[in-house]
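1. how does the following fold in three dimensions:
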Amino acid sequence: MKKIVFFGSTPEIADSAKRFANEDGRDDIDVLEVATEDCVQTALKVFREGAQVIIARGTQAAAIKHNTDIPVVEVVLTAQEMALVITQIKRDLKKPVPVIAVVGYRNMFCDMRHFGELFGIALREIYVKGTDELPEGVNQAFQDKVDIVIGGEIVCRCAQALGLPSRMQPSGEDSIRQAFRNASSVAFAAEQEKKTVSELNTLLDFSFNALLKIDDKGIIQALNRQIEELFGASSAKLVGSHIDALIPSLYTEHLYQEVIRNGRDIFTVLRLKELVLAVSAAPITVEEQVAGAIVSCHEVRRLTEMQAETRKEMENGASPHHFEQFFTDNLAFIRTVRHYAQFETGILIVSDPGFTRETPAHLIHQESARNASPFYSYPCGAWPKEQQLSRLFGDHPNTLEKGLAMRAHTGILFIDDVELLGEQAQYRLYKLITEGQVYCDGAPPTPVNLRIITGTQVNLWKLVQEGGFRQDLYFLLSTLVLHLPTMEAEHWANLFIQQYCARHYRYLNLTKGARLAIAQYKWDGGLVELNSFCERLVITAPQRTVDEALVNRLLRQNLQIREHPERFVRDPEANRLAKLLEEFGGNRTKVAEVLGISKTTLWRRMKNLGLYDTDQSKE
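-> Predicted structure coming up:
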């Protein structure tokens, strides 16, 4: 079936349409002669067979529109066609001012307001809204004593029954060809709409999140199979229903006020019986008006489950880190890490203070031939020196506890802050590397096969020269030295924010200005300070989109905490104000109302307590 189908109610109309289509070379149009009583069923049939648009006129067009959702282009009589018919009628009637009535649907006829004065006739326009009104319209023309009626098939039959002269409304070349052109436009639009819907459905279905689209009233218009799986309901049941029936109070308490009314995106966590949902929504804006929203849902995994999995991985010596997450902007460093990982010699990882060295040690393990074997980490600064021997090399053989060196057999042992090792521990480590044996008090040496990686943030050679570290051990540990690249704040901030968004079930989008503010800030505390800042940002952000104003406000708070920590630790008024400001998204007007004070008084208190910021956007 072709995209466009023309319905002709009489053989004459169908033949004319076929002739015009052939003359114009329109190979995208099928012409059918269809009885009025069969037009709806025929329309449904051709639509199932691939038709996109139907051209019809009069009663048939009205019936198809009323009973189906199929796009219909109506044949509208042109002014020229009506002028020719009226001129012929006036000639046939041979009256100075004949009374002529047109009966039918309004959109079947052209504008005829001035036909009376143009053609010297008395024109009666009788328009109906439904087929059942046509006989009444003809009867009205009869009562008005008109000379002739112009209309469609039903109008002419009714007029004939009353003995009233009638003339079939024309469907000439102009009106049919105009209908062809209009139908082509509608078919093109339908094709584009079909493509758009298909693309949307593909996007929905291949998204990892459960997505649905609602209109501005909260009615669900589209969804993907993840929504069906999440809620155990079919799309046939959900489409057309209100979203509050699926997720109670989501629209009334969250979507309407923030997304639909104010055009802001939101994020919230909701509990729905046994289901905990992380829900985010963004407005759909058409010509600066919110027309609806895209809502994303996913089930929140219990934090205890995530922690249990991480503990299980660590107990099995597995690395929880993924290489591609780190240092992705420094290809030279990545190549160096991968190259060093292939060898069995020791590596000394050197970094600035505040920079984690355990992560690259994990990455070396992951890229090495020992990646299926255990990985154990020993931070020297975390344990007293008197416990170093037992932790690293094992207690007295009467105990069942093995040291990390024996537990890491066939794998990798990472010793961080290696400069803090005591003399005896340094000697035991030297023997382990040179002889491949673990020495433990009261027991014979135990052979082990493992690789040693160490980390430090100090100048270890300077410590050797000062007598604080064995020179021979230094040379063994530093066969390969891996200097961690200078901290790229924006890259690490992206990584930390992703991690904390997943941990706290919040999902943020940083603007370009926000990323620039983070990149340009001087992070004196290194990655530790940046890490802490990113977690604070994720937890306190009042909405999903984070701009530079919010970032700068939190950065100023960083400095205030550093300069006046007592205000944040000891002053209950500061804590109270900070909590209220967080609760109301920094809106000082609302905070002042709650406290029963003026904004000026609130501003003065905030300044005195170190909570003042220069951003005036939250009045």
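
2. switch to C-alpha atoms for all contacts and neighbour counts from now on
-> Will do.

3. can you name the next helix or strand after the helix or strand harbouring S175?
-> Using DSSP states H and E, the element containing S175 is helix 173-205. Using DSSP H and E, the helix or strand that follows helix 173-205 in sequence is strand 210-215.

4. not counting its own residues, what contacts that next one?
-> With C-alpha atoms under 8 Å, 6 or more residues apart in numbering as the test, strand 210-215 has contacts from 204, 220-227, 230, 243, 291-298.

5. strands of the stretch 401-550 of the chain, residue ranges please.
-> If DSSP state E, counting those that start in this stretch is used as the criterion, the strands of the stretch 401-550 of the chain fall at 412-416, 437-440, 443-447, 451-456, 480-483, 509-510, 545-546.

6. any idea which element V73 lies in?
-> Of the helices and strands defined by DSSP H and E, V73 is found in strand 72-74.

7. got the contact list for that strand?
-> Here strand 72-74 makes contact (C-alpha under 8 Å, 6+ apart) with 53-58, 61, 64-65, 107-108, 179, 182-183.

8. how does it look with 7 Å?
-> V53, I54, I55, A56, R57, A61, K65, A179, N182, A183 (C-alpha atoms under 7 Å, 6 or more residues apart in numbering).

9. the second one contacts I4, correct?
-> Yes - with contacts defined as C-alpha atoms under 7 Å, I54 counts as touching I4 at a distance of 5.8 Å.

10. give me the mean pLDDT for the strand or helix carrying D30.
-> Assigned by DSSP H and E, D30 falls within strand 29-33. Averaging pLDDT along strand 29-33 gives 92.

11. partners of it in the sheet?
-> strand 4-8 (parallel) (DSSP bridges).

12. let me see the mean pLDDT of the partner strand.
-> 92.

13. all numbers from here: first residue = 58
-> In the new count, where the first residue is 58, that last one comes out as strand 61-65.

14. now what about that strand, what contacts it?
-> Contacts of strand 61-65 (C-alpha under 7 Å, 6+ apart): 71, 85-91, 108-113, 240.

15. now those: which count as buried?
-> By neighbour count, with 16 or more other C-alpha atoms under 10 Å, these hold 71, 86-91, 108-113, 240 as buried.

16. okay if I get these as CSV plus distance to Q528?
-> Shown next, in CSV, are the buried ones among the contacts of strand 61-65 (distance: C-alpha to C-alpha, whole Å):
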residue, distance to Q528
A71, 103
I86, 92
D87, 94
V88, 97
L89, 99
E90, 102
V91, 102
A108, 86
Q109, 85
V110, 88
I111, 91
I112, 94
A113, 97
A240, 89
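
17. quick one: which of the residues you listed is nearest P599?
-> Closest approach to P599 among the buried ones among the contacts of strand 61-65 (C-alpha to C-alpha): Q109, at 47.4 Å.

18. what residues are up against that closest one?
-> So Q109 contacts K60, I61, A244 (C-alpha under 7 Å, 6+ apart).

19. switch to 10 Å and redo it
-> 58-62, 103, 127-129, 240-241, 243-248 (C-alpha atoms under 10 Å, 6 or more residues apart in numbering).

20. show the pLDDT at it.
-> 87.

21. any idea how far Q249 is from it?
-> In this view, Q109 and Q249 are 12 Å apart by C-alpha to C-alpha, to the nearest Å.

22. find residues that contact each of these two.
-> V243.

23. coming back round to it: of the contacts of Q109, grab the buried ones for PyMOL.
-> Buried residues within the contacts of Q109, by 16+ other C-alpha under 10 Å, are selected in PyMOL with:
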select buried, resi 59+60+61+62+103+127+128+129+240+241+243+244
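
24. dump the residue contacts of the residue lying farthest from the centre of the chain.
-> Farthest-out residue of the chain from its mean C-alpha position, per C-alpha atoms, centre = their mean: K151, at 72.4 Å. Going by C-alpha under 10 Å, 6+ apart, K151 touches Q145.

25. now stretch 196-212: buried residues?
-> Buried, per 16+ other C-alpha under 10 Å, within stretch 196-212: 196, 198-199, 203-212.

26. next one: stretch 293-304
-> Buried, per 16+ other C-alpha under 10 Å, within stretch 293-304: L295, V296, H299, I300.

27. what about that stretch, distance to the chain center?
-> 20 Å (C-alpha atoms, centre = their mean, to the nearest Å).

28. end to end, how far does it reach?
-> 17 Å.

29. ok, and what's touching that stretch?
-> 269-272, 274-280, 284-285, 288, 290, 305-310, 312, 327-329, 334, 352.

30. show me which of those are buried.
-> Counted by 16+ other C-alpha under 10 Å, the contacts of stretch 293-304 give 269-272, 274-280, 284-285, 307-308, 312, 327, 334, 352 as buried.

31. helices - which of these land there?
-> Among the buried ones among the contacts of stretch 293-304, the ones falling in helices (DSSP state H) are I284, E285, L307.

32. put together CSV for those, with pLDDT on each row.
-> Shown next, in CSV, are those (pLDDT from 0 to 100):
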residue, pLDDT
I284, 85
E285, 85
L307, 88
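
33. got a markdown table for those, with distance to I472 too?
-> Shown next, in a markdown table, are those (distance: C-alpha to C-alpha, whole Å):
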| residue | distance to I472 |
| --- | --- |
| I284 | 47 |
| E285 | 50 |
| L307 | 51 |
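
34. following element in sequence after the strand holding D87, please.
-> Per DSSP H and E, the first helix or strand lying C-terminal to strand 86-90 is helix 96-105.

35. what is that next one packed up against?
-> Secondary-structure packing of helix 96-105 (3 or more C-alpha pairs under 10 Å, 6 or more residues apart in numbering; DSSP states H and E): strand 61-65, strand 110-113, helix 115-124.

36. tell me which of those sits nearest to E480.
-> Nearest of the helices and strands packed on helix 96-105 (C-alpha to C-alpha): strand 110-113, 89.2 Å.

37. same for that closest one, what does it pack against?
-> strand 61-65, strand 86-90, helix 96-105, helix 115-124, strand 129-131, helix 230-262.

38. contact partners of the third one?
-> The set of residues external to helix 96-105 that reach it, using C-alpha under 10 Å, 6+ apart, is 58-62, 64-66, 89-93, 106, 108-111, 113, 116-129.

39. let's go with 7 Å and repeat that
-> M58, Q117, A120, I121.

40. which residues are contacting stretch 481-493?
-> Here stretch 481-493 makes contact (C-alpha under 7 Å, 6+ apart) with Q445, L446, Q494, V495, Y496, P504, V505, N506, L530.

41. out of those, flag the one nearest to G187.
-> N506 (92.0 Å).

42. so who does that closest one touch?
-> Applying C-alpha under 7 Å, 6+ apart, the residues contacting N506 are H466, T467, G493.

43. adding neighbour count, write those residues out as CSV.
-> Shown next, in CSV, are these (neighbours: other C-alpha atoms under 10 Å):
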residue, neighbour count
H466, 18
T467, 18
G493, 17
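
44. save these as JSON lines, and put in distance to A216 and pLDDT too.
-> Converted to JSON lines, these look like this (distance: C-alpha to C-alpha, whole Å; pLDDT from 0 to 100):
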{"residue": "H466", "distance to A216": "104", "pLDDT": "92"}
{"residue": "T467", "distance to A216": "102", "pLDDT": "92"}
{"residue": "G493", "distance to A216": "113", "pLDDT": "92"}
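
45. geometric centre of this structure: which residue is closest?
-> Centre-nearest of the chain using C-alpha atoms, centre = their mean is S353, 6.6 Å out.
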